[in-house]
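J.: Starting from these lines, generate the structure:
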Amino acid sequence: MDENEVRELHEACDAVVDRSLSLEVKAESVATEARELKHKAERIKYGNATYDEIVELQSAVDEMEHVLEGDLDRALDTLRSIRLG
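T.: Below is the predicted model of the structure:
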């Protein structure tokens, strides 16, 4: 490998590391948001839910299902398809 190829290799490795860290941060943010929604739903479940809260819960289920069945699945499939070393 010449000097230019080594530099390009190092840049590509650094880019993968940077993007991996960014993905980890976003994944943890998604997990945090999901936990907060779970705790809110549990509080509503065992309290006196208003009509608005029931509507919000139904909407949340639909939105979360969309994320689970679409965006996250595609992201996971994409990451699993990447082959290194």
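
J.: Please identify which helix or strand holds the residue most central in space within the chain.
T.: Averaging the C-alpha coordinates of the chain gives a centre point, and the residue nearest to it by C-alpha atoms, centre = their mean is Ala27 (3.9 Å). Using DSSP states H and E, Ala27 sits in helix 3-45.

J.: What's the first helix or strand after that helix?
T.: Following helix 3-45 in sequence order, the next helix or strand is helix 51-66 (DSSP H and E).

J.: Identify each buried residue in that following helix, please.
T.: Within helix 51-66, the residues that qualify as buried by neighbour count (16 or more other C-beta atoms under 10 Å) are Leu57. To be clear about C-beta, it is placed using only N, CA and C from the backbone, and glycine gets the same treatment.

J.: from here on, count from 35
T.: All right, first residue 35 from here; so that's helix 85-100.

J.: related to what we said a few turns ago, and the residue nearest to the centre of the chain, how far from Leu91?
T.: 24 Å (C-beta to C-beta, to the nearest Å).

J.: so how far is Glu103 from Gly119?
T.: For Gly119, the distance to Glu103 under the criterion C-beta to C-beta works out to 31 Å.

J.: neighbour count winner among the two?
T.: Neighbour totals were compared for Gly119 and Glu103, and Glu103 leads with 10 against 2 (other C-beta atoms under 10 Å).

J.: any idea of the pLDDT on that one?
T.: Reading off the confidence values, Glu103 has pLDDT 85.

J.: same thing with the one 4 residues further on?
T.: At Asp107, the predicted lDDT confidence score is 88.

J.: So which bits of the helix or strand encompassing it are buried?
T.: Assignment of secondary structure by DSSP H and E places Asp107 within helix 106-115. With burial defined by 16+ other C-beta under 10 Å, not one residue of helix 106-115 is counted as buried.

J.: Next, the angle helix 37-79 makes with it.
T.: Helix 106-115 and helix 37-79 meet at an angle of 150 degrees, taking axes from the mean of the first three to the mean of the last three C-alpha atoms, to 10 degrees as the criterion.
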